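Chemist: the following comprises the amino acid sequence and a computationally predicted model.
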Amino acid sequence: MKIARFKYKKELLWGAVEGNDIIALRNCPSRKIQKTSKKISRNKVKLLAPAVPSKIVCVGLNYKDHAAELKMKMPSEPIIFLKPPTSVIGHNCQIIYPPGVGRVDYEAELAVVIGRRAKSVSAGEVTKYILGYTCLNDVTARTLQAKDGQWTRAKSFDTFCPLGPWIETELKDKASLKISSYLNGELKQDSSTSEFIFSIEKIVSFISKIMTLLPQDVIATGTPAGVGPMKKGDSVEVEIDGIGRLVNYIR
Ligand code: MG
């Protein structure tokens, strides 16, 4: 099922995307999701980011091709950092380029959306706690990242976490998914989750032993080789096989 969060007339709703329609859902997100009889045409709704997370936990370096490109040693444990919930925007929304920050980059990432409260979960049990998967752009003020020596400012500006367009709950072959990014329609990142250093199960288990994960929390699993700068007026897209394409604009 593709689960979207959307605005229809003045209502905020969750729904299952089925072709050109969205079927409204109740009890979403939870384990008791039910379809209602309310069917709405997709072109009548505004898609919103498909989660309202209490936190976004990101993995700093998780692709072998990206580690090789940066000439960095493979980490022995995931390096994690946070993005604030206020950085989240949805599909087709604008990324605001902050004045005077220098270079700002795109980073295509596969995001995990948590479905159940998770604390100290073993890798073997992780799947039970995942609602589904979506596309994420870990927008980064690269100049500030180097200047500050730690990443909070560089990763946290409002609009720096595009998420969407929806959550795919039945994603197959998670260990070999094609992941790409496009800048103004030109292919920039072109890799596969087969380049992962740490699996989704290991990452979620590792994080759950540090902090309690709540429903709708988002985990960003790192970016592959090919990151690069954006400028005002650009369009940026993150595409993942089996999920879809997240499109945003820089202004
Ligand atoms: Mg990243």
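Modeler: Great, that's in hand.
Chemist: CA atoms for contacts and neighbours, from now on please.
Modeler: Will do.
Chemist: just the C-alphas of stretch 91-107, formatted as CSV.
Modeler: Provided in CSV are the C-alpha atoms of stretch 91-107 (Å, rounded to 0.1, in the frame of the first residue of the first chain):
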residue,chain,number,x,y,z
HIS,A,91,6.6,16.7,-2.4
ASN,A,92,6.5,19.7,-4.8
CYS,A,93,7.4,22.1,-2.0
GLN,A,94,10.1,24.7,-2.1
ILE,A,95,13.5,24.4,-0.4
ILE,A,96,14.5,27.8,0.8
TYR,A,97,18.2,28.7,0.1
PRO,A,98,19.3,30.5,3.3
PRO,A,99,21.2,33.7,2.5
GLY,A,100,25.0,33.8,3.0
VAL,A,101,25.6,30.1,3.8
GLY,A,102,27.7,29.2,0.8
ARG,A,103,27.2,25.8,-0.9
VAL,A,104,24.0,23.8,-0.4
ASP,A,105,23.9,20.2,-1.6
TYR,A,106,21.2,17.5,-2.3
GLU,A,107,21.6,14.0,-0.8
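Chemist: give me the mean pLDDT for it.
Modeler: Average pLDDT, stretch 91-107: 98.
Chemist: ok, now stretch 154-163?
Modeler: Stretch 154-163 comes out at a mean pLDDT of 98.
Chemist: is it anywhere near the ion?
Modeler: No: Stretch 154-163 does not reach the ion (CA under 5 Å from the ion); its nearest approach is 8.7 Å.
Chemist: how far does that stretch stretch from start to finish?
Modeler: By CA to CA, to the nearest Å, the extent of stretch 154-163 from end to end equals 18 Å.
Chemist: what comes up buried for that stretch?
Modeler: Neighbour-count burial for stretch 154-163, counted by 16 or more other CA atoms under 10 Å, picks out 154, 155, 156, 157, 158, 159, 160, 161, 162, 163.
Chemist: part of a strand, is residue 43?
Modeler: No: under DSSP: H, G, I helix; E, B strand; the rest coil, residue 43 falls outside any strand and is assigned helix.
Chemist: how about residues contacting stretch 125-135?
Modeler: Residues from elsewhere that reach stretch 125-135 (CA atoms under 8 Å, 6 or more residues apart in numbering): 29-30, 108-118, 163-171, 201, 204-205, 238-240, 243-246.
Chemist: not counting sequence-adjacent ones, nearest residue to residue 210?
Modeler: residue 120 (7.6 Å; CA to CA, 6 or more residues apart in numbering).
Chemist: burial measure for that neighbour, as a count.
Modeler: When neighbours are counted by other CA atoms under 10 Å, residue 120 registers 16.
Chemist: surely it meets residue 203?
Modeler: No: using CA atoms under 8 Å, residue 120 is not in contact with residue 203, being 11.8 Å away.
Chemist: tell me which residues touch the residue nearest to residue 210, please.
Modeler: Residues near residue 120 by CA under 8 Å, 6+ apart: 205, 206, 208, 209, 210, 212.
Chemist: so which of the residues you listed belong to helices?
Modeler: 205, 206, 208 (DSSP state H).
Chemist: next one: stretch 115-126 to chain centre, how far?
Modeler: 19 Å (CA atoms, centre = their mean, to the nearest Å).
Chemist: buried stuff in it?
Modeler: For stretch 115-126, by 16+ other CA under 10 Å, it's 115, 116, 118, 119, 120, 121, 122, 123, 126.
Chemist: what distance separates the opening and closing residues of it?
Modeler: Per CA to CA, the first residue of stretch 115-126 is 11 Å away from its last.
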